[in-house]
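>>> Make a model of this:
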Amino acid sequence: MSDYSEQDKNPTGKTPSQWHKHWGREMEAAEKRLRKFLKQGNKVVERYLDQRVDQDMNGQQSRLNLFYTNVSTLQSMLYGSVPKIEVSREHHDPDDDVARVACLMYERMLQADVEPSGENLPTVLKACLQDRLLPGLGIARVRYDFETSMVTVMNPETMQPEQIEQVSYEDVPVDYVHWQDFRWGWARTWAEIPWMAFRAYLTKDEASARFGDDRAEKLEYKNQTPEGEDERGGDSDQQSNVQKAEIWEIWNLSDRRVYWWSAGCDYVLDIKDDPLGLIGFWPIPKPLIANNTTKLFIPRADFILAQDLYNEVDELQTRISVITKAIKVVGVYDQSASSQVGRMLKEGIENDLIPVDNWAMFAEKGGLRGAIDWFPVETISAVLQQLQGIQQQKIQQLYEVTGLSDIMRGGATDQYTAAATQGMKMKMGSIRVQALQDEFARFASDLEALKSEVISKHFSEESILKQSGAQFLSKPDQELIMPALQLMKSPEVAWRVDIRPESIAMVDYAQLKSERTEFLTAMSTYIQSAQAAVNSMGPTALPVLMELMKWGMAGFKGANYLEGIMDQAIQTAIQSSQQQGQEQEQPSPEQMKMQTEQMKLQGQQQKLAGEIQKIQAKSAADMQSQQAKLQAEIAKIQTDSQADMTLEQTQAQNRLIEISRELEASMAEIQAAMRADLTVERAQASFDIQSQQNEHQNNLVEVRTNAALASNNQSRNG
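Below you'll find the model as predicted:
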């Protein structure tokens, strides 16, 4: 609960009411300055989720959401595994064992927040990375939380038990900050930011518990709606069912104070001095900000820089979809020609003949070609192919602008490329993605560095020992725990927390295995050489060689745990060499003679090893020569086989051509015979028709003749 009053003043001389007016003006200016960014950010998120309501040609729409694919690919590449936290000394000094143990304790405490599920570091980092790739701003902050409990202790003065309040639990949670809940003062660079604010929503009960009943009554409570919904008409289903007040927590750098401000109250709700005491004052690292320049510290989303290409790809996709639907087998036919023509496609019966009335008249009009006209599918298909080609060009341009073409070029290789060349190609191919990966690793490292600074300044020694699990360190490091704890609590010491990019990106297990194998191979080679040096120089050389090994190990990640064991081994070697030096006497002539014989024997062994190497080299050369000859024979056999196969294919093709010609000739003869038969049938039909006509005419003449004779007979009789 707040404990300041309206009459309280800070060193600047402003009252809480004056501060309220001051922050009101600052927040209003920030809202105007960031209005365009917030509006574009909402549109980018909607585009990623494909929540678009615009209509395309003829009310039809078809989308190719490459933006979702590109962002998902980048997000998977940049954050593919749980981060591995490393706390290191400034110069990796091998003899600074106190700092080494302190680094181990820090790593145990920081890594503990990575492992469990829930609102932990991986969840926060994933949300911040998505905000960086979508609206262009990813933010996270640290807090210091603690719990107290009443415990009974003995007062040394009165020797009576007393109840005192004691810290029972301490924590430094890492909170995700939504990109819409962050404001900052006018600045051109990160170093110039004068103040920053974080928004939170509190219910009336929460506001009363935090600021008191009087101030809670003056706040404005309402249902919360995601920003950007009002611009699209609003959606009542998206509103919260609990009314809350909007509270801004403002961190001011000039006086290193924190102010709690709300538009509904006439004065600031609370004022506190620097609650964390961090060196840089801000509770957040430098945000993940996209496409920022020194003109003004305002992000600009990656999508905005490539939105024209995204829109063109969508427009082409819509046209391709419309034309694809238009391509179909359809046509028109002459209804007066024959009613059976339309049955060919409607009935859908295979291997069936449909009878046609008046076949002669149907054939004279051109048959099926003269009665049907099909839709010009060839023309529409050509247009479709042109659109698909243009779309592929636009997609390639989009990959060039967004940087995904670098990844594709880095991954596009063949089996004949050398390993070193392929590795260099992949490294240079993803250089833009690597820069973004380094920035993301920097953000995660700075966030954990702030957390370690809070631990150093605020945690009790009991909490550090308990949360770091110091009792489980190796035995050589147990004596260094208390000095390391004092070093951790030193306010002037700044620890370097590092999260390497490769530890949070997709893990290349083959590369990891190769690095560890290479390290173990180098160490085994060194141990063999050191053993030979100890045999020739004596046991006194062992501590020096082990110190060299420790110095080399100090530069490798994860070696800090082994250094304590190395210290114990070095100390044991020193004591052993001292004892052997005290007990060792001057060698006798027989011993010197034996050493000389041993040296001669070693020389002979080295000479024999050289001869063996020469024999092995000669054998390898002979084997290579035989392999070359064998490969030449195999190539010759393959060439001969290819020639034989080509000859057989040519003969088969010639035979196929002859069969085709014979078949065409047979078909021509059959067609000629059919035409001849058809001509004979037509001639016979014409002859029959002519005979019938002649017979009718003869009958008609006969009838007319008989009628004339009958008329003449009647005339005579009359």
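
>>> quick one: the helices in the stretch 301-450 of the chain?
302-326, 343-347, 359-364, 367-371, 377-402, 404-411, 419-429, 431-458 (DSSP state H, counting those that start in this stretch).

>>> mean confidence score for the third one?
I take that to be helix 359-364. Taken as a whole, helix 359-364 has a mean pLDDT of 66.

>>> ok, F198 to L276 distance?
From F198 across to L276, the span is 13 Å (CB to CB, to the nearest Å). (Glycine included, C-beta is placed from N, CA and C.)

>>> Check the helices of the stretch 301-450 of the chain for me: which has the lowest mean pLDDT.
helix 419-429 (a mean of 46).

>>> Let me see the mean pLDDT of the longest helix along the chain.
Looking across the chain with DSSP state H, the single longest helix is helix 589-717. Per-residue pLDDT values over helix 589-717 give a mean of 76.

>>> how many neighbours does T203 have?
As a burial measure, T203 scores 14 neighbours (other CB atoms under 10 Å).

>>> ok, it - contacts?
When contacts are counted by CB atoms under 8 Å, 6 or more residues apart in numbering, T203 is found next to Y221, V242, Q243, K244, A245.

>>> can you check Q388 too?
I320.

>>> Roughly how far does it sit from S619?
Distance from Q388 to S619, by CB to CB: 59 Å.

>>> ranges for the strands of the stretch 1-150 of the chain?
86-88, 137-142, 145-154 (DSSP state E, counting those that start in this stretch).

>>> partner strands of the first one, parallel or antiparallel?
The one in question is strand 86-88. Strand pairing for strand 86-88, determined by DSSP bridges: strand 496-498 (antiparallel).

>>> got it, and the last one?
Using DSSP bridges, strand 145-154 pairs in its sheet with strand 161-171 (antiparallel).

>>> Just the buried residues of the partner strand, please?
Residues E170, D171 are the ones in strand 161-171 that count as buried (16 or more other CB atoms under 10 Å).

>>> on contacts alone, who are the packing partners of the helix or strand just after that strand?
Using DSSP states H and E, the helix or strand that follows strand 161-171 in sequence is strand 174-177. Judged by 3 or more CB pairs under 8 Å, 6 or more residues apart in numbering; DSSP states H and E, the packing partners of strand 174-177 are helix 121-133, strand 137-142.

>>> K295: neighbour count?
7.

>>> Once you drop chain neighbours, what's closest to V174?
Nearest residue to V174, sequence neighbours excluded (CB to CB, 6 or more residues apart in numbering): V124, at 5.2 Å.

>>> which ones are touching that neighbour?
V124 neighbours (CB under 8 Å, 6+ apart): A140, V174, D175, Y176, L447.

>>> What subset of these is buried?
Buried among the contacts of V124 by 16+ other CB under 10 Å: A140, V174, Y176, L447.

>>> mind listing what the second one touches?
Looking back up the chat, that one is V174. By CB under 8 Å, 6+ apart, the neighbours of V174 are D113, N120, L121, V124, A140, R141, V142, L447, K451.

>>> Could you provide those in CSV, with additional columns for distance to N706?
Output for these, formatted as CSV (distance: CB to CB, whole Å):
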residue, distance to N706
D113, 130
N120, 125
L121, 126
V124, 123
A140, 125
R141, 129
V142, 133
L447, 128
K451, 134
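
>>> M159: which of those residues is nearest?
Among those, K451 lies closest to M159 (CB to CB), at 41.6 Å.

>>> what two of the buried ones among the contacts of V124 are the furthest from one another?
Pairwise over the buried ones among the contacts of V124, using CB to CB, the maximum falls at Y176 and L447, 10.8 Å.

>>> list residues touching both of those two?
With CB under 8 Å, 6+ apart, Y176 and L447 have common neighbours V124, A140.

>>> returning to what we had before: and of the strands of the stretch 1-150 of the chain, who's closest to E681?
In terms of CB to CB, the element of those nearest to E681 is strand 137-142, at 89.1 Å.

>>> Which residues does that closest one contact?
With CB under 8 Å, 6+ apart as the criterion, strand 137-142 contacts 37, 41, 124-125, 127-132, 172-179, 182, 198, 276, 283-285, 287-290, 299, 443, 447, 450-451, 454.

>>> neighbouring strands for that strand, and are they parallel or not?
Paired with strand 137-142 in the same sheet, following DSSP bridges, are strand 174-177 (antiparallel), strand 288-289 (antiparallel).
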